[in-house]
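Colleague: No sequence on hand, only this structure:
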């Protein structure tokens, strides 16, 4: 990377992933300073993932997560993260995580871990796209924790319907330490970005955006290759997104995450509320 330091917001995010351990399976998570409204779902997922990893042996890598967003998160109140040690097998380990605020669960997630094992391999090809040149990245895009460059930016300037597909190049806004746990949690954080909006693309111009209620309902993610060893969150990754269906005020969305040289490192699925009020 050309940048030699983190943005202030990336530094803050990395600090927020350093959870306070209260008891063996109980953690406290804090939130960004000055945040108003509701918490970003990717932050809660990343912190829940970090808590789960803290309870698992180092030879176990996360290979999947399945979570449900139950209530909006309150940025004014720290969250308690309770990890239940469901199973510790010879090859697989399972953890159930519940994030609590104001005495109620706001998010729950199951995470499965596996020891490293060789096996058969195949993958879909990456779309024939390349990352943006450094000179074209506006300074404003370098302020958030992640730089996100939408390949279809020009096509989405208006408000016309667009096929339910988009491609976003992303990486952290500065280099981060060679810590696989940190890179994994950062990828979980960013995986929540843009998924929900993909299902809105074919309906552009047919609704009043101010009256469209949107919220993530669930989120699933699969990790195909280990962090740092095969990919890094501070190097360009391509998020290829599509939305096969929307109905009953819900949008169903999918994503594939590739390295710049075409390795498929993770896959996501999410259903979200798309309710016209």
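Modeller: Nice, I can see it. Computed from a predicted structure; not experimentally measured.
Colleague: Show me where the stretch 1-150 of the chain has its strands.
Modeller: 20-23, 26-29, 60-69, 79-88, 92-101, 104-115, 146-150 (DSSP state E, counting those that start in this stretch).
Colleague: need the contact list for residue 18.
Modeller: By CB atoms under 8 Å, 6 or more residues apart in numbering, the contact set of residue 18 is empty. Every C-beta, even on glycine, is put in place using the N, C-alpha and C of the backbone.
Colleague: Distance of it relative to residue 247?
Modeller: As judged by CB to CB, to the nearest Å, residue 18 and residue 247 stand 41 Å apart.
Colleague: can you check residue 214 too?
Modeller: Relative to residue 247, and taking CB to CB, residue 214 is found at 15 Å.
Colleague: Between those two, point out the one with more neighbours.
Modeller: Higher neighbour count among residue 214 and residue 247: residue 214, with 14 against 8, using other CB atoms under 10 Å.
Colleague: Now name the helix or strand holding the more buried one.
Modeller: Using DSSP states H and E, residue 214 sits in strand 212-223.
Colleague: Tell me the spacing between the most centrally placed residue in the chain and residue 268.
Modeller: Closest residue to the average C-alpha location of the chain: residue 191 at 2.5 Å, with CA atoms, centre = their mean. As judged by CB to CB, residue 191 and residue 268 stand 5 Å apart.
Colleague: what do the two both touch?
Modeller: Joint contacts of residue 191 and residue 268 (CB under 8 Å, 6+ apart) are 219, 221, 255, 257.
Colleague: what sits opposite the closest residue to residue 26 other than its chain neighbours in the beta ladder?
Modeller: Excluding the flanking residues, the one nearest residue 26 by CB to CB, 6 or more residues apart in numbering is residue 82, at 5.6 Å. Residue 82 has these beta-bridge partners by DSSP bridges: residue 26, residue 98.
Colleague: who touches residue 82 in this structure?
Modeller: Here residue 82 is in contact with 25-26, 97-100 (CB under 8 Å, 6+ apart).
Colleague: Can you tell me which of these are buried?
Modeller: Buried subset of the contacts of residue 82 (neighbour count, 16 or more other CB atoms under 10 Å): 25, 97-100.
Colleague: separation between residue 177 and residue 265?
Modeller: Distance, residue 177 to residue 265, by CB to CB: 19 Å.
Colleague: ok, these two, which is more surrounded?
Modeller: Neighbour totals were compared for residue 177 and residue 265, and residue 265 leads with 20 against 10 (other CB under 10 Å).
Colleague: ok, and the closest non-adjacent residue to that one?
Modeller: In space, and not counting its chain neighbours, residue 265 is closest to residue 231: 4.4 Å by CB to CB, 6+ apart.
Colleague: do residue 31 as well
Modeller: Leaving aside its sequence neighbours, residue 31 sits nearest to residue 75 (CB to CB, 6+ apart; 4.6 Å).
Colleague: Would you confirm that the one you found contacts residue 40?
Modeller: No. Residue 75 is not in contact with residue 40 according to CB atoms under 8 Å; the separation is 9.1 Å.
Colleague: shared neighbours, the two?
Modeller: Common contacts of residue 75 and residue 40 (CB under 8 Å, 6+ apart): none found.
Colleague: before we move on, the earlier item: same list, the strands of the stretch 1-150 of the chain, but as CSV with distance to residue 207 please.
Modeller: Putting the strands of the stretch 1-150 of the chain into CSV (distance: least, CB to CB, whole Å) gives the following:
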stretch, distance to residue 207
strand 20-23, 42
strand 26-29, 34
strand 60-69, 22
strand 79-88, 32
strand 92-101, 31
strand 104-115, 27
strand 146-150, 21
